[in-house]
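Asks: Curious how this folds, go ahead:
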Amino acid sequence: MREGDELAGKREGRMQRARKGRIERSSPVDQSMRRALFSLSLRPLRPLRFLFCLPTPHHPPPHPHPTTTTTPFSLSRHALGKSPPEQQQQQKNSSFSFGELDLRWAANAPWTFSLPSFETPPSISASSTAELVLEGVDAVASIELNGEVVARCESAFYPVVVDVTSKLYPAGSGKTNSLSIVFDKALDSAAARAAAYPYKVPYVGQVGALPDWNHVRKAASDFGWDWGPAFAPVGVAVGVSLEVHSSARLVGATVRQTHDREKGTVDVHFDAILRRCGGRADSGTLVVSPVAGKGGLVAPVAPVEVEVAIPASGAPSPAPPPPTSAAPAPAAGAERHFSGDWDDTFTASATVRFPGGPGGGPRLWWPHGYGEQALFDFELAFVPARSASSPEEGAPVSSLRRRVGLRTIELVREPAPFSPPGPTPEQGGPETSETFYFRVNGVPIFAKGANYIPPHVFHSRAPALALLAMRNAAAAHMNMVRVWGGGAYPPDAFFDAADELGILVWQEFMAACALYPRDANFLELCRREVKYQAARVGAHSSLAIWGGNNELEPAFSWFPESRANEKLFAVDYAALFIDVVHKTLKEVHPGVAFIDSSPTNCSLSEEPYVKR
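Replies: Below is the predicted model of the structure:
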């Protein structure tokens, strides 16, 4: 009894300390994190690491032009809500017993993450632009620089880029800058938007969950789900950086493929995403070069160079020039101009061709259990015209890598050769039935897999856990995972592992188990989200299909509001998932398969996209 009383006393003491609002401080952030000014967990507080940085490529470019460097600084952090002496023990048992309720105060507390003092980089000149890049700010927050609000973050699902050139104190002036991210309470933001909307937009209310989550662009499961707690956490899941540029730079690239089965050739089209410097016109050379990847595999293609002319923001795009390479590659694809919404970017295309031959063409990428996962590494570099003419004084070269698995993926929907179980057409069942399966490299695939939900309630822990989840999936002989639409988009490590392990990915837009508003601001947030995430994910060979949402089609029958006014909510649904999600996805990644919901009756037509 004495031992039992002692254990009970210890537990009661822990719960009392938790109710006083103490938090355990987590471990410091890895200093190797690229482009992180400071990185914070989605816990209420975390020690932050400050990195002044200019864009540093993952690998040195294969040409002798200058690159930028990263200089790390370790600074203190300040946050409102709890004082540092009180932030010691509460987080330890947040997912155990009544830890969820003991932490409920955090969702109702005002949180501010601050960097009290940092100097302006001396690299800023009259011809350069300084941008504050915020990635993974979750979710509604004001960004304050030197006491002035310079931006608002309204979504956890795409980055915010702010030109702060004129907002920083001059280098060498003796003044230091201060930066704060002042978060709105997620519950207040959701409630205010729901109250301002002209009619109720219903959602599934899980036991113990927090309300009105369908009005805020953050993970729905943050507000509580049947498998997880309701913390409604805030923070910075990825990082914030101050980037100084004097020319356009390479910030991303999607990949498309064209397979000629008769000749055995494969054309790989790289759509390089270039971000302008201060909205100015620019020019340079896009270079695509094969490099050795894991295992020493090198693509049997020659480097390709494409001259790029970038118009100023809002100007019409010029016609694309042909590549300047002796490689047997076709002309560069059409350029697409995304202006003003995703960091003022411009897309230029370059194509490399894998030759065919008597052996049947290059090595292909296969799903797990169907063959090897051959992956070819390429380096993309943008060399500004000034760097090419004067390497010593020119603008820095930006570069990144893309890993490509050569494959075709088809969603096969054709009349089924059998009658499905269930009601007949006379009984209200479908008049026709279709197949629904994937064919990879011409071979039908028997999909074996599971749903993927956020691996942790605090999303900053996702990268390591995502890698573990994918390894476990492969060990269990899975060959496909579906990223559930009620959570958050997986980190890059997830898709890298899927490529390497041969796990096909069914990626959903983040919407689940609710109906959603269609006011102009909400639709614009979703459009930007799709454009950013489709470009980020679209380079991966494992991506098989995009889904619009989780269970919204059957959700029409769940709520009294939608049962009473089905036409109203059908218009809302079409405005978001067909006019915005589907349309934007096809602009960025035109060849990918898409269904608007899961489960779904699919569509009557793909072009135009018409619901059945």
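
Asks: Tell me how many other residues surround the closest residue to W213 other than its chain neighbours.
Replies: Nearest residue to W213, sequence neighbours excluded (Cβ to Cβ, 6 or more residues apart in numbering): F223, at 3.9 Å. Yep, even glycine has a C-beta here, placed from its N, CA and C like the rest. By other Cβ atoms under 10 Å, 27 other residues sit near F223.

Asks: Wait, E587 touches V530, no?
Replies: No. The criterion here is Cβ atoms under 8 Å, and E587 misses it with V530 at 9.0 Å.

Asks: Who has more neighbours out of these two?
Replies: Ranked by neighbour count (other Cβ under 10 Å), E587 and V530 place V530 first, with 25 against 14.

Asks: Look up how far D267 lies from G356.
Replies: 11 Å (Cβ to Cβ, to the nearest Å).

Asks: Quick check: neighbours shared by those two?
Replies: Contact criterion Cβ atoms under 8 Å, 6 or more residues apart in numbering; residues bridging G356 and D267 by contacting each: D260.

Asks: By neighbour count, which bits of the helix or strand hosting S562 are buried? Give me those.
Replies: Taking DSSP states H and E as the definition, one finds S562 inside helix 560-564. For helix 560-564, the neighbour count (16 or more other Cβ atoms under 10 Å) marks 561-562 as buried.

Asks: can you list contacts of that helix?
Replies: Contacts for helix 560-564 (Cβ under 8 Å, 6+ apart): 199-202, 515, 555-557, 569.

Asks: Go again with 6 Å.
Replies: By Cβ atoms under 6 Å, 6 or more residues apart in numbering, the surrounding residues in contact with helix 560-564 are 200, 202, 556, 569.

Asks: One more: stretch 281-291?
Replies: So stretch 281-291 is contacted by 62, 247-248, 270, 272, 298-299, 301, 303-312, 348, 350, 352, 377-385 (Cβ under 6 Å, 6+ apart).

Asks: could you give the mean pLDDT of that stretch?
Replies: Across stretch 281-291, the average pLDDT comes to 95.

Asks: Next, the buried residues of that stretch.
Replies: Going by 16+ other Cβ under 10 Å, stretch 281-291 has these buried residues: 282-290.

Asks: Kindly export it (C-alpha atoms) in PDB.
Replies: Taking Å, rounded to 0.1, in the frame of the first residue of the first chain, the C-alpha atoms of stretch 281-291 are listed here in PDB:
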ATOM      1  CA  ALA A 281      12.900  40.700 -65.900                       C
ATOM      2  CA  ASP A 282      15.900  38.500 -66.000                       C
ATOM      3  CA  SER A 283      17.700  36.000 -68.300                       C
ATOM      4  CA  GLY A 284      20.100  33.100 -68.000                       C
ATOM      5  CA  THR A 285      20.700  29.500 -68.800                       C
ATOM      6  CA  LEU A 286      18.900  26.500 -67.400                       C
ATOM      7  CA  VAL A 287      21.300  23.500 -67.200                       C
ATOM      8  CA  VAL A 288      20.100  19.900 -66.700                       C
ATOM      9  CA  SER A 289      23.000  17.500 -66.000                       C
ATOM     10  CA  PRO A 290      23.000  13.800 -65.100                       C
ATOM     11  CA  VAL A 291      24.900  13.000 -61.900                       C
END
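
Asks: List phi and psi for K583.
Replies: K583 adopts backbone torsions of phi -60, psi -50, taken as degrees, to the nearest 10.

Asks: For the stretch 451-600 of the chain, which segments count as helices?
Replies: For the stretch 451-600 of the chain, the helices defined by DSSP state H, counting those that start in this stretch occupy 462-475, 492-501, 520-537, 552-555, 560-564, 566-576, 583-588.

Asks: Going by contacts, tell me the helices and strands next to the longest one.
Replies: Applying 3 or more Cβ pairs under 6 Å, 6 or more residues apart in numbering; DSSP states H and E, one finds that helix 520-537 makes contact with helix 583-588.

Asks: distance between the helix it packs on and the chain's centre?
Replies: 15 Å (Cα atoms, centre = their mean, to the nearest Å).

Asks: Repeat that for stretch 287-297.
Replies: Computed by Cα atoms, centre = their mean, the chain-centroid distance of stretch 287-297 equals 25 Å.

Asks: which residue packs closest to the residue nearest the centre of the chain, ignoring adjacent ones?
Replies: Ranked by distance to the mean C-alpha position of the chain (Cα atoms, centre = their mean), the top residue is Q533 at 4.2 Å. Leaving aside its chain neighbours, Q533 sits nearest to Y489 (5.5 Å; criterion: Cβ to Cβ, 6+ apart).

Asks: measure the one you found to F418 for me?
Replies: Applying Cβ to Cβ to Y489 and F418 gives a distance of 37 Å.

Asks: of those two, who's got more company?
Replies: A direct count of neighbours by other Cβ under 10 Å for Y489 and F418 places Y489 higher, at 25 against 7.

Asks: Tell me the pLDDT of the more buried one.
Replies: With respect to pLDDT, Y489 has a value of 97.

Asks: isn't it right next to A534, touching?
Replies: No. Y489 lies out of contact with A534 (Cβ atoms under 6 Å); the separation is 10.5 Å.
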